[in-house]
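**Student:** just the structure for this:
(chains A, B, C, D, E, F, G and H)
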There are 8 protein chains.
Amino acid sequence: MRRGPILELLEKVKGGALSPEEAAERLGKLPFEDLGFARVDHHRTLRQGFPEVIFGPGKQPGQVAAIVRSLLPQKSNILVTRCGPEVHARVRRVTRKARYHEAARAVSVVQDETVYGEGSIHVVCAGTSDIPVAEEAALTARLMGNEVETTFDAGVAGIHRLLSARERLAQARVVIAVAGMEGALPSVVGGLVSVPVIAVPTSIGYGSSFGGLTALFAMLNSCASNVTVVNIDNGFGAGFVASLINRQKSL
Amino acid sequence: MRRGPILELLEKVKGGALSPEEAAERLGKLPFEDLGFARVDHHRTLRQGFPEVIFGPGKQPGQVAAIVRSLLPQKSNILVTRCGPEVHARVRRVTRKARYHEAARAVSVVQDETVYGEGSIHVVCAGTSDIPVAEEAALTARLMGNEVETTFDAGVAGIHRLLSARERLAQARVVIAVAGMEGALPSVVGGLVSVPVIAVPTSIGYGSSFGGLTALFAMLNSCASNVTVVNIDNGFGAGFVASLINRQKSL
Amino acid sequence: MRRGPILELLEKVKGGALSPEEAAERLGKLPFEDLGFARVDHHRTLRQGFPEVIFGPGKQPGQVAAIVRSLLPQKSNILVTRCGPEVHARVRRVTRKARYHEAARAVSVVQDETVYGEGSIHVVCAGTSDIPVAEEAALTARLMGNEVETTFDAGVAGIHRLLSARERLAQARVVIAVAGMEGALPSVVGGLVSVPVIAVPTSIGYGSSFGGLTALFAMLNSCASNVTVVNIDNGFGAGFVASLINRQKSL
Amino acid sequence: MRRGPILELLEKVKGGALSPEEAAERLGKLPFEDLGFARVDHHRTLRQGFPEVIFGPGKQPGQVAAIVRSLLPQKSNILVTRCGPEVHARVRRVTRKARYHEAARAVSVVQDETVYGEGSIHVVCAGTSDIPVAEEAALTARLMGNEVETTFDAGVAGIHRLLSARERLAQARVVIAVAGMEGALPSVVGGLVSVPVIAVPTSIGYGSSFGGLTALFAMLNSCASNVTVVNIDNGFGAGFVASLINRQKSL
Amino acid sequence: MRRGPILELLEKVKGGALSPEEAAERLGKLPFEDLGFARVDHHRTLRQGFPEVIFGPGKQPGQVAAIVRSLLPQKSNILVTRCGPEVHARVRRVTRKARYHEAARAVSVVQDETVYGEGSIHVVCAGTSDIPVAEEAALTARLMGNEVETTFDAGVAGIHRLLSARERLAQARVVIAVAGMEGALPSVVGGLVSVPVIAVPTSIGYGSSFGGLTALFAMLNSCASNVTVVNIDNGFGAGFVASLINRQKSL
Amino acid sequence: MRRGPILELLEKVKGGALSPEEAAERLGKLPFEDLGFARVDHHRTLRQGFPEVIFGPGKQPGQVAAIVRSLLPQKSNILVTRCGPEVHARVRRVTRKARYHEAARAVSVVQDETVYGEGSIHVVCAGTSDIPVAEEAALTARLMGNEVETTFDAGVAGIHRLLSARERLAQARVVIAVAGMEGALPSVVGGLVSVPVIAVPTSIGYGSSFGGLTALFAMLNSCASNVTVVNIDNGFGAGFVASLINRQKSL
Amino acid sequence: MRRGPILELLEKVKGGALSPEEAAERLGKLPFEDLGFARVDHHRTLRQGFPEVIFGPGKQPGQVAAIVRSLLPQKSNILVTRCGPEVHARVRRVTRKARYHEAARAVSVVQDETVYGEGSIHVVCAGTSDIPVAEEAALTARLMGNEVETTFDAGVAGIHRLLSARERLAQARVVIAVAGMEGALPSVVGGLVSVPVIAVPTSIGYGSSFGGLTALFAMLNSCASNVTVVNIDNGFGAGFVASLINRQKSL
Amino acid sequence: MRRGPILELLEKVKGGALSPEEAAERLGKLPFEDLGFARVDHHRTLRQGFPEVIFGPGKQPGQVAAIVRSLLPQKSNILVTRCGPEVHARVRRVTRKARYHEAARAVSVVQDETVYGEGSIHVVCAGTSDIPVAEEAALTARLMGNEVETTFDAGVAGIHRLLSARERLAQARVVIAVAGMEGALPSVVGGLVSVPVIAVPTSIGYGSSFGGLTALFAMLNSCASNVTVVNIDNGFGAGFVASLINRQKSL
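**Tutor:** Below you'll find the predicted structure:
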């Protein structure tokens, strides 16, 4: 954070080289950043435990590797989403810590293993095809310092599977519910727990599933009051918000 | 069914007044109905147990009463859907058998109490606001000679209510599942039974429920294989098809 | 079905090692499955005649073959939908019973030839492009132990073809009507028979057919009361529900 | 049509007061209408047999009456669409020839009874609720000097009614097919005749009929090649184009 | 047309082997086609000048060639739409008359050069990208025996080009107006002529053109009363209906 | 919670009147609720601080009052949403504690003033028309025992207003951002804080705001990672989830 | 604009009561507005000629009058959009300058008659039903100190009317083109002028005009490059931006 | 511009070979272009500084090169949009002036370096993925003779970046704001400046961003009054209109 121009100006006021009125006038004209409003964004301590995230699609392996290299000195964890093993291969040349998560289609670089979460986050998904999105959510939460549990393939048409996981669901501080097709899972899960449920619609389905739109709308219309929703296939976003919630401490 | 023109023609062939060739030529030119193809539609016996249905909206009480009067001699049951008590009041002047079903917003005239169904039909609905549509389905099925059971207010966010009804659901030959909002009920019900489930989306909800469209699409994308769907708020259609299924006999 | 934990607990009650009150307390905390609610799903006899189905898209031939191998001991019929001949080639290495159905783009493994259906199922489709979906429906119904008849290429713009099949349609216990484009077929078929008609919209068409959406909506708005609808291209679902209906026996 | 400025200019050229070059220059700068391009629109003879049409919605009875009064001297027929009897009452004060068509919700003033059409136009509609739109089409065609036949309540789920009208349909030079809900009628009609079919979707239906959109799309996707489509509820447009087609003469 | 079964039956009536009553009974049960209703469809003379059309997409060159071969004996013209030169190469092996129309992406086989149309059809299109659809319309009309004129690249933002063609447009008996993007062309053309205008939206455009949907809706909402619409990119349909209109003769 | 049937059964096992095997058999057949699974839903202590909520629309004042009366003994706070002062007048007859919140269009009955939240919840809204939804969110959070701050009329086109509130926003544990029209507020707010932001689209706007759909989609596509979304106008849902988050304690 | 806190702080620095470092620290923590960033919004001179606008819908006449009263001292022009004469009656009690514009459904209070525009703005609309929106645009532009010309009822299906206005259109510095239905007007106008065209879709139309959506999309897809678009019925927005453009001066 | 036919005709009038009346008659029948109305389009001076634009997609490199060659003699600047380096390679063979702009995916040929704009145009975009569209806008504006400034990667979730550019934004005469996802940028920018803002939605995003539709609608619903919108990804259109605005001179 550059505070140079302000200090300089204040020194002049102190020295009498500038009247307070003139100084006030000049202050109003300084570019925004110089006034320190950008502070939050660069302030290291406030950002502890936040991963640096690189959205994979549309980027060349070489580009990703270059970005990773530039981020390494920050000592944060790094996450590359929606990418293939060829991206991992390239990033590995930059750092040995790069690991490929096939199920989540992601690369991680762990540099910070602090536990930031207070309790655990439970990720539940409906079908096997929803697993990549669920794994992206789980991986994000883990990289942000959370303990994560998962229950996969627990669709509502086989309700007993979900009910079997009920005790464990009840112990989580946040639940992420991932589903495509009719998107009914978050409603049922929402009724089984009394903590926030973050619903993630997936683009799994065909015909009138409209690439996840049907699931998205179903989730927004959930009859369970503890459900909020993120964009289609946005496992990262769900993992991110769940982590924020799980960091909440008693004041 | 008028078979006059054909018989007349055949008599002429028999009597030699017309050659078979000429008769064949004329047959091809007769209006369709005269050839007997309309038979099914008027054939009384094939239609036994089918109610005469009057779609209420847009019709004056007097118009409805007039239609009812014209249908009475057929001795079928009569159903007027989506109408208010003022329609009932007017129909009652035509027949004392007219009864108003407040929950279903319908008028019935029962003239045929035969039981046509083999087993029972179970109507389940998600919220109290879905009850009118569920009742329309139930009433339709009853007027078509079926034993009907109902489980109302069994939304998926309170899954235990649905599970409590599981034994009874398992005894039905067809289940009708009615729900608005996220429309998740048929998927859960579909997983609990092994008979056909007819899903009815309702226009209950607000915002992105789009007047029932979200529920409709959710049901079409059900992960339960035994679910088929009818139009939004179409309780009558669901009751009708359920009745057809329940009439199926061993051959 | 594991009933171990419960029996164990009950033995302790019997032996006096546990008071009924303590036992009740523990019962409430047991995981769901242990209480036997998952029974239906694994109960062999209730599932007789139900095929095991593998949704082909997105699966490697090797993966499909592995799943097939694991299902063989159950002695059910097996169906792999929407797959190519290369999947068949791979599955054949696992079992000689694997057969490829080119028109339906499916692989079947028949292990159970019992006839479960009471009557016959008639599959009718509008255009030649709709045949793959119609064949998927027909194949599903056959694998579930039904006699199946088919009438293909009977679009409503050439109404005589459909009328020619009228007698045969009238003998079916369920009709499956498959159509893309304007999706008018189920309405016409629905008027010709008095049994349930399951409508399957297909993604056939261009421009404002919207990948089958126009046909889907047309079918949901059918003026024939005996029509219910499944998702776009869901031939399997239609065949499945038709089979359930055709199994209905007199009670 | 004012041709004043041009004639004036040409007189000056003739008289030598203006060189041809200067005249050409000025011509290019004259406002468009002065050059006579607006001719067609006001040319009486080309417009013979075209009614003057007033779109009723949003206009006060007094406003409509005033417009009618201003149109009377042209001696064309006049049509006021989508209006109630109160509009008729007011227009009647302007001319005794005003007649109200309840079924078509329209007012007509006939001043020209010439027959302009070569053959006849057949208007067919699916349900009784579609009749107002069908009547608007029929009335438009009659006011444009055509012989019009009608077949109402001939929905495709009762195909025999339509088939009964087949001979008469085949004699028309143009067919107008009006339908709401699934909009299947034009496809079936299109297959029965070999003349142009103008399809009119209506806003009749509920739920996923989307105010006529489902019927509109179904018609645009008709498998019959002789079908073209107009906007939802646009009976006037269909009657207008059908009249243009029926005026076509041998050259 | 088989009339065998009827004649046979009538011979029996004549010979006394069958009473008229029994004959009437049997007639009602005969399959539809036997009664002669399918007549129209196969009746050669009624179909004169109608091309046989093969929708190209999804068909192998070999399949197309086989269909062409089977159609050749009917002596109609043959049209293969939306296909590449490789299809032409294959069809040429079947008949030397096969010709490839690059602009229309179509193959034609001309066997009937009769002129069936009374006047001429004018095809106008907005942009150069719309030309393939316009050419498909023009080719269809030519194969159906019409004289066809074309005006291409006459978008409404350069209105003078369209106005230059005004005289020629006014001489046509039908106009086909083809446009993508905002789809405004048919409205302007509709105002310039007093004959039917068939509007063809094309899928040309990007962003909110939605693959032609914007143009389609614009055309359906045309303020010109003489416009009807066909499906997106349906040049064939427009050419077909225009031909039907142009065949209309004085009665 | 009835545990009668189980205890009874266990007593019989203890007394030897029932073998453990028979008891296990019977247990599996007991209705679900009897087994204690419904526990959570009725368990008072787990539900402390949760208000009873009555969705106002479609309910008569008398009906609402009756429901309120039945809920009073539970000693929870009660909230009636989206209702007018006439509902308040009627509820006041049942309890003097009923208070009308005009801005939120809601009635509250406070019976529990415990503070359950750890920190504070900040509700920010974009325009004055969004205030009713924002107030519903704020009221819900207050009834659930939270300290609530509000910043209204802070639309993004006047960014300084939002920036003025930045310090206060940064102190909240959860932020609720309410906006109609383009729905941009949550993205900007999300960038200013590092806690979860719950976005509520409102139906405020006209034309292409589609009753809130545009705002809803904008929020789902927020470039800020800490944003989740609830249904259009769902102030209650946002207040509810925010409360759940604010209750999170250190473990 | 309060600059108090800053001046106070700077005085302390000058007096030595605060070190520059401490002052810089405190500056960063001051609320935004205190730092002068809100300046633009309240700075009178920059806003000269901008009207104060009150969006009428949903406001009581009394509320509108109160807002008008509070705005009067600023000496700007005031515009109340989309309101009836009853609002005018009430505002007139506050100021005699209030005038009602029936065609624009608006109230104006003129306090500043300066001409701010460099040239003229031309408002053209397609149909008589589009006039209210066109008048709102024209009134807005007039209140912002522009000379405004109008050409109404110049739909593209009667192209000569538009062409007649061509010379006048060519003299404007900005054109506003207002149209409902197919929304083709801006494309044609865009081709006739070489200045910016602001397109305003209106909600005029029926059926597939979707409340203006069809016109909106048509305008966004205009083939004329000089067209930009505002929201449906947003006459005010068009008048506002046109005024900004017309104020542009040579630098 | 051919004025031949008119001059010829006028010469005849002058010479007396044609009466003014006959001449007027013939003038009305001449094709439009001959009358000089096409003037504007070809008139060189009115078009100064307008680039010739070739829309790249769907054109072969050779085709593009041929068009470029034909345009070179006009001495305008030439722009080929949305094309790859292979197009550049081919065009370079035609002219050495061809330059490839990788970021804008465009080829330019500069032949006219006149400055036509009065002030500067500022192009701001939200994310790095929006840069190609922003660069297309900037390049278009530069080729039309404008000074262009750019601020990229200034998304609203990091508001300080945008605020830092505030002073520079305030100096522009027009701002182009480019954004995908939630499309919030133009609203915030619109509040920071008092000049016209042209909003360009991009197709950047996934899930419910619907290929840019969400951003498009958000922009149309902007709460900032100085925003108008162009089609999705239409950087060229935005640059074009911005240039027109920036050319506005004092009169």
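**Student:** might one say that A:Gly191 is in contact with A:Ala224?
**Tutor:** Yes - A:Gly191 lies in contact with A:Ala224 (CB atoms under 8 Å); the separation is 5.3 Å. Yep, even glycine has a C-beta here, placed from its N, CA and C like the rest.
**Student:** list residues touching both of the two?
**Tutor:** Overlap of the contact sets of A:Gly191 and A:Ala224 (by CB atoms under 8 Å, 6 or more residues apart in numbering or on different chains) consists of B:Ala157.
**Student:** I'd like the next helix or strand past the worst-scoring helix or strand of chain A on mean pLDDT.
**Tutor:** Within chain A, no helix or strand scores below helix A:39-42, which has a mean of 35 by mean pLDDT, DSSP states H and E. Sequence order places strand A:52-55 as the next helix or strand after helix A:39-42, per DSSP states H and E.
**Student:** which residues sit against that following strand?
**Tutor:** Outside strand A:52-55, the residues that reach it (CB under 8 Å, 6+ apart) are A:64, A:67-68, A:71, A:74, A:76-82, A:140, A:236, F:225.
**Student:** spit out the contact partners of the residue of the stretch 151-251 of chain A found nearest chain C.
**Tutor:** Here the stretch 151-251 of chain A gets closest to chain C at one residue, A:Gly207, 2.9 Å apart by CB to the nearest CB. Contact analysis of A:Gly207 by CB under 8 Å, 6+ apart lists B:Leu220, B:Asn221, C:Pro201, C:Ser203, C:Gly211, C:Gly212, C:Leu216, C:Asn231, C:Ile232, C:Asp233, C:Asn234.
**Student:** what about the residues you listed, which are in helices?
**Tutor:** B:Leu220, C:Leu216 (DSSP state H).
**Student:** what about the spatially closest residue to the residue of the stretch 151-251 of chain A closest to chain C that is not a sequence neighbour, distance to C:Ser76?
**Tutor:** Closest residue to A:Gly207 apart from its sequence neighbours, by CB to CB, 6 or more residues apart in numbering or on different chains: C:Ile232 at 2.9 Å. According to CB to CB, to the nearest Å, C:Ile232 stands 27 Å off from C:Ser76.
**Student:** what does A:Val178 give?
**Tutor:** In terms of CB to CB, A:Val178 sits 30 Å off from C:Ser76.
**Student:** and those two? which has more neighbours close in?
**Tutor:** Neighbours per residue (other CB atoms under 10 Å in any protein chain shown) separate A:Val178 from C:Ser76, with A:Val178 holding more: 34 against 22.
**Student:** what strands flank the one helix or strand the more buried one maps to, and is each parallel or antiparallel?
**Tutor:** Assigning secondary structure by DSSP H and E places A:Val178 in strand A:174-179. Strand A:174-179 has these partner strands in its sheet, going by DSSP bridges: strand A:120-125 (parallel), strand A:197-201 (parallel).
**Student:** wait, does the helix or strand that that strand is followed by contact chain B?
**Tutor:** Going down the chain from strand A:174-179, the next helix or strand is helix A:185-192, by DSSP H and E. Yes - against chain B, helix A:185-192 shows contacts by CB under 8 Å from any CB of the partner chain at A:Ser187, A:Val188, A:Gly190, A:Gly191, A:Leu192.
**Student:** for chain E, what's its nearest residue on chain A.
**Tutor:** A:Phe210 (14.1 Å).
**Student:** for that residue, what are its contacts?
**Tutor:** B:Phe217.
**Student:** give me the contact list for the one helix or strand A:Leu139 maps to.
**Tutor:** Assigning secondary structure by DSSP H and E places A:Leu139 in helix A:131-143. With CB under 8 Å, 6+ apart as the test, helix A:131-143 has contacts from A:51, A:53, A:77, A:79, A:81-82, A:101, A:103-106, A:108, A:110, A:117, A:121, A:123-125, A:148, A:150, A:152-153, A:176, A:178, A:200, A:202, A:233-236, A:238-240, A:242-243, A:246.
**Student:** how far off centre is stretch A:235-251?
**Tutor:** Between the centre of stretch A:235-251 and the centre of its host chain there is 8 Å, according to CA atoms, centre = their mean, to the nearest Å.
**Student:** how about stretch A:204-213?
**Tutor:** In terms of CA atoms, centre = their mean, the centre of stretch A:204-213 is found 24 Å from the chain centre.
**Student:** so what's the residue count around the closest residue to A:Gly155 other than its chain neighbours?
**Tutor:** Spatially, and ignoring its direct neighbours in sequence, A:Gly155 is nearest to A:Ala126 (4.3 Å; CB to CB, 6+ apart). Using other CB under 10 Å, the number of residues around A:Ala126 comes to 33.
**Student:** quick check: residues of chain A near chain B?
**Tutor:** Residues of chain A lying close to chain B by CB under 8 Å from any CB are A:126-127, A:155-159, A:163, A:181-184, A:187-188, A:190-192, A:205, A:207-210, A:213-215, A:217-224.
**Student:** helix, strand or coil for A:Glu113?
**Tutor:** Following DSSP: H, G, I helix; E, B strand; the rest coil, the label given to A:Glu113 is coil.
**Student:** list the contacts of the closest residue to it other than its chain neighbours.
**Tutor:** Spatially, and ignoring its direct neighbours in sequence, A:Glu113 is nearest to A:Gly145 (7.7 Å; CB to CB, 6+ apart). Taking CB under 8 Å, 6+ apart, we find A:Gly145 in contact with A:Gly49, A:Asp112, A:Glu113, A:Thr114, A:Val115, A:Tyr116, A:Gly117, A:Ser243.
**Student:** now do the SS call for A:Gly145.
**Tutor:** Criterion first, three-state DSSP; result for A:Gly145: coil.
**Student:** picking that back up, model confidence over the helix holding A:Leu139, on average?
**Tutor:** Helix A:131-143 comes out with an average pLDDT of 97.
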